[in-house]
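Asks: just a sequence and a predicted model for now, questions to come.
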Amino acid sequence: MDKNKWTLQQVVLLGFIGFLFGGVFMGAGFLYAVLESALLPLGLGPFANEILFGMWTMAAPMASMLIPKRGSSILGEMLAAAAEMLYGSYFGPGVLISGFIQGLGSELGFAVTRYRRFDMHTLMYSAVGTTVLSFTYEYFKQGYGNYSILMIITLFVVRFVSVTFFGVVIVNAIMKLYNRMQGLAIVND
């Protein structure tokens with residue numbers, strides 16, 4: 001059997017990941033609005049995006065961990081972004097561009113190991129790729145160039161911490177739980 005060929009079960013799982021994380025992304029949008037409102041009077045409004053950014057990137061590493069194939073990160077993140085848009089995200093169709101860039105960043109992390117490892121190390125590479133690519137894109141989109149170098153570095157660091165927390169720590173915890181449940185399912189069969 002061709003290991004690069006997708007099975008129906010994997011396609012359905014990818015669709016489920018997109019549907020589920022589209023809802024997570026919508027929730028993150030509401031949290032963003034509340035957090036930005038709280039931080040804006042303090043002059044820290046841009047940090048709302050950075051603090052929550054990792055939530056918007058979880059679909060990509062989760063897809064690659066569950067479906068260890070080339071393209072899983074990009075497809076998982078794009079489907080989640082499409083679901084978020086269809087759910088009525090006030091960010092609109094722009095989420096598709098962001099989803100592609102975030103998925104590509106995550107995909108690069110898995111490509112570093114030539115898709116041979118799917119573990120904490122690879123998730124860290126994924127977090128680095130996601131942070132660098134997405135921050136570069138949003139540097140221009142959000143006008144971060146107007147900020148001081150200290151502010152830009154701080155925004156980058158906060159984004160990296162967020163992506164690492166949600167895309168590495170949380171995704172790894174979910175995978176451990178998933179693998180434990182798989183073991184229980186095998187024992188109970």
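Replies: Looks like it came in fine.
Asks: the most centrally placed residue in the chain and G103, how far apart?
Replies: Nearest residue to the geometric centre of the chain (CA atoms, centre = their mean): T57, 1.3 Å. From T57 across to G103, the span is 8 Å (CB to CB, to the nearest Å). In short, each C-beta sits where N, CA and C put it, glycine included.
Asks: list residues touching both of the two?
Replies: E77 (CB atoms under 8 Å, 6 or more residues apart in numbering).
Asks: how close does W6 sit to L39?
Replies: According to CB to CB, W6 and L39 sit 42 Å apart.
Asks: swap that for E84, please
Replies: E84 is 22 Å from L39, where distance means CB to CB.
Asks: so which of these two has more stuff around it?
Replies: Taking other CB atoms under 10 Å, E84 and L39 do not tie; E84 has more neighbours (28 against 16).
Asks: any idea how far G15 is from the nearest residue to the more buried one once chain neighbours are set aside?
Replies: The shortest distance from E84 to any residue other than its chain neighbours is 4.0 Å, reached at F25 (CB to CB, 6 or more residues apart in numbering). As judged by CB to CB, F25 and G15 stand 15 Å apart.
Asks: and these two? which has more neighbours close in?
Replies: Between F25 and G15, counting by other CB under 10 Å, F25 is the more crowded of the two (26 against 14).
Asks: P46 against Q142, yeah?
Replies: Yes - counting by CB atoms under 8 Å, P46 touches Q142, with 7.1 Å between them.
Asks: neighbour count winner among those two?
Replies: Shown here are P46 and Q142; by other CB under 10 Å, P46 has more neighbours (21 against 14).
Asks: list the contacts of the more buried one.
Replies: Contacts of P46 by CB under 8 Å, 6+ apart are Q142, Y144, Y147, M151, L155.
Asks: beyond the lengthiest helix in the chain, next helix or strand please.
Replies: If you go by DSSP state H, the chain has its longest helix at helix 8-39. Later in the chain than helix 8-39, the nearest helix or strand by DSSP states H and E is helix 46-52.
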